[in-house]
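Asks: Provided below are the primary sequence and the corresponding predicted coordinates.
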Amino acid sequence: MITWQVASDGPLLRSDERLSRALVHPDRFSELLADLGNVQVAVPVLLVVLLYVARRGRSSGTDRWWPAPLAAAVLMALVPALVVPVKELIARGGTPAVPPGTGYYPSGHTATAMIAYGASTLVLLPWLRTSYARRGAVAVCALLVAAVSFGLVRRGYHWPLDVVASWCLGTVLLASLRLLLARFRSESEPQPK
């Protein structure tokens, strides 16, 4: 629905523009928050977590230690393959705070942050021993994605709908990863004889 509204210049865009005007206030802090969604920041975080999880899995003697890190890495690689064609197709212009141009919908930074931090959290959760640690990891992930999203809109790099569209995409991708990881875990457990 969001993509249809953006592509057809629907009535939701007027609300999006009003909300953006109310929220945009470019400053250094919002720029720093937005930068947490840069590929140069988010992807190395994911790589460190994937290496850690792979090492822990391999050292635990598990035969199938590699599917979770591999699935998360493939999911991260899918982000530009999914986002860039939509950016080209929709060709939405940016806010008044950015130079003229198109390709702002959906937000690649939001999608990158959501998948990098979300996939990191999903593959790390089974290795965290306490529910407190697991809740903390989920909270940090949510905080990072919210910070990036706020920074992008506050700085004026993206319209609010650009960010919301990436939340929708990220939710579908992370839910798929969660289901896949649950399947890997159930297949690697010993079956009753």
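Replies: That came through, no problem. Residues are numbered from 1 along each chain as shown.
Asks: output the lowest mean pLDDT helix or strand found in this structure.
Replies: Lowest on mean pLDDT, DSSP states H and E among the helices and strands of the chain sits helix 2-7, with a mean of 87.
Asks: which residues does the helix or strand following that one contact?
Replies: Scanning forward in sequence from helix 2-7 by DSSP states H and E, the next helix or strand is helix 12-23. Contact with helix 12-23 is made by 2, 5, 6, 95, 153, 154, 156, 159, 160, 161, as judged by C-beta atoms under 8 Å, 6 or more residues apart in numbering. C-beta coordinates here come from the backbone N, C-alpha and C atoms, glycine included.
Asks: buried among those? Need that as a selection in ChimeraX.
Replies: To isolate the buried ones among these in ChimeraX, judged by 16 or more other C-beta atoms under 10 Å, type:
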select :2,5,6,95,153,154,156,159,160,161
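Asks: how near is residue 93 to residue 80?
Replies: Residue 93 is 21 Å from residue 80, where distance means C-beta to C-beta, to the nearest Å.
Asks: apologies, that question was intended for residue 122.
Replies: 20 Å.
Asks: looking at the two, which is more packed in?
Replies: Taking other C-beta atoms under 10 Å, residue 122 and residue 80 do not tie; residue 122 has more neighbours (25 against 14).
Asks: confirm that one sits in a helix?
Replies: Yes: assignment of residue 122 by DSSP: H, G, I helix; E, B strand; the rest coil places it within a helix.
Asks: thought residue 178 was touching residue 119?
Replies: No: in this structure residue 178 lies outside contact range of residue 119 using C-beta atoms under 8 Å: 9.7 Å.
Asks: center of this structure - which residue?
Replies: By C-alpha atoms, centre = their mean, the chain has its centre lying nearest to residue 114, at 1.5 Å.
Asks: grab the nearest non-local neighbour of that residue.
Replies: Among residues not flanking residue 114 along the chain, residue 170 sits closest, at 3.3 Å (C-beta to C-beta, 6 or more residues apart in numbering).
Asks: which elements pack onto the helix or strand that neighbour falls within?
Replies: If you go by DSSP H and E, residue 170 is part of helix 160-188. In terms of contacts (3 or more C-beta pairs under 8 Å, 6 or more residues apart in numbering; DSSP states H and E), helix 160-188 is packed against helix 2-7, helix 12-23, helix 67-90, helix 108-124, helix 131-155.
Asks: below-threshold pLDDT in the chain: ranges please.
Replies: 187-193 (pLDDT under 70).
Asks: gap between the nearest residue to residue 36 once chain neighbours are set aside and residue 47?
Replies: Nearest residue to residue 36, sequence neighbours excluded (C-beta to C-beta, 6+ apart): residue 148, at 4.9 Å. Residue 148 sits at a distance of 18 Å from residue 47 (criterion: C-beta to C-beta).
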